[in-house]
Structure formats: C-alpha cells, structure tokens
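Novice: Return atomic coordinates for the entry below.
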Amino acid sequence: MQIHNWRAIVLMSLLFAGPACGAPPAAPSRGELSLAGLKLGDSLALVRKKLGKPQSTIGAPGDHDYQLIYPGLRIEMIEPGRVLTLESTSPDYCTPSGLCPGQPLAEARKRWGEGEIYEGDDKGTWHYGVDEDSCFFQIEPDPTQQLVHSVAFACP
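Specialist: Numbering: from 1, shown residues only. This next block holds a predicted model:
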C-alpha cells in the first residue's frame, strides 16, 4: 500500500510540474504597459508634469492623431487628452519588468516567448495580446534580428 501511495505522489507531482516546465512563457500582463512612469489612459497634464515639454509634436491637443515626441519616446494621445500609445526606442524607457530597447531579443523571448509576426511585416515585429482584452504589446527587433529596437503598446 505504501508503494502505491508513493507512485501516486510521484505521478501527481509530475502532472503539476510538467506544464509549468514545458509551457511557453505567458504573454505580457497589463502591468507591463508602462514606460517613463506613464501608463495608458494617463492625462496630457500628467505626461507634461513627468516629462516636461516634448522635443516636438505631431498635430495639436484634441486632434485625433496628436503625438508627443521625446528623445527615445513617442506618446500618442486620444481625446480627451489621454495616453493611447507608448513607444520606446531608448534604454532610458524600459518596461516594469526591465525589458529595454538595446537588450538582446533573447530577453523578450525568455519573458514572453516569440510573439506573432504578421504576414507582410518586413521588420519582423513580435505582437502579443495582453490580458485577453484589446490591448497589444509589440517588440520590434533591430535589423540584425538580435536586439530589441523598440517596445510599444496600446489599448485601442
């Protein structure tokens, strides 16, 4: 009887350990959708408070495609003055888990696996869904396909 119980314990531990060991990494969580201390939905006032005056802008506040450009960081706003998209090309602006442009692409692969590459995407951008909602997370590799060129996300 003791041998049977021992086998059951070993089998149960293998069942619980198996998926965790062999499962692909999970997609990024909504908590990863933050750069420069900003997150999606933050106000234009908060962006300016945290980052100051942008290097340049595209459009004007209230426009459908209003963008704030900082060195290494692009922020797209949606009405009524809320952050829609954040994109970093600078190692100064990393995700909360520490993924930064300039790091080896293998770092992203360890965290979340290889994302989906859409047909016709000549840059090979990795796309991930986030928390089963409309949010997406993207990692664009550099031309060598070895380093992270940019990290971007949005919840359209």
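Novice: Can you measure across stretch 30-44, start residue to end residue?
Specialist: End-to-end distance of stretch 30-44 (C-alpha to C-alpha, to the nearest Å): 21 Å.
Novice: residues of that stretch that come out buried?
Specialist: Under the neighbour-count criterion of 16 or more other C-beta atoms under 10 Å, stretch 30-44 has 30, 32-36, 38-40, 42, 44 buried. The C-beta positions use only the backbone N, C-alpha and C, and glycine is treated the same way.
Novice: Quick check: mean pLDDT of that stretch?
Specialist: Stretch 30-44 carries an average pLDDT of 92.
Novice: Off-centre distance for that stretch?
Specialist: Put simply, stretch 30-44 sits 11 Å off its chain's centre (C-alpha atoms, centre = their mean, to the nearest Å).
Novice: Over to stretch 109-124?
Specialist: Chain-centre distance of stretch 109-124: 12 Å, with C-alpha atoms, centre = their mean.
Novice: What average pLDDT does it get?
Specialist: For stretch 109-124, mean pLDDT rounds to 90.
Novice: residues of stretch 52-69 that come out buried?
Specialist: Neighbour count says stretch 52-69 has 54, 66-68 buried, by 16+ other C-beta under 10 Å.
Novice: wait, which of those residues is closest to residue 129?
Specialist: Nearest to residue 129 out of the buried residues of stretch 52-69 is residue 67 (C-beta to C-beta; 24.0 Å).
Novice: Could you tell me how far the nearest residue to the closest one once chain neighbours are set aside is located from residue 79?
Specialist: Once flanking residues are discounted, residue 67 sits nearest to residue 58: 4.1 Å by C-beta to C-beta, 6 or more residues apart in numbering. Distance, residue 58 to residue 79, using C-beta to C-beta, to the nearest Å: 15 Å.
Novice: can you check residue 108 too?
Specialist: For residue 108 relative to residue 79 (C-beta to C-beta), the value is 32 Å.
Novice: More neighbours: these two, which one.
Specialist: Set residue 108 next to residue 79 and count neighbours by other C-beta atoms under 10 Å: residue 108 wins out with 23 against 11.
Novice: is it fair to say that one lies in a strand?
Specialist: No: assignment of residue 108 by DSSP: H, G, I helix; E, B strand; the rest coil gives helix, placing it outside any strand.
Novice: Is the nearest residue to it once chain neighbours are set aside bridged to anything, and to what?
Specialist: Excluding the flanking residues, the one nearest residue 108 by C-beta to C-beta, 6+ apart is residue 139, at 5.0 Å. Residue 139 forms beta bridges with residue 126, residue 151, as assigned by DSSP bridges.
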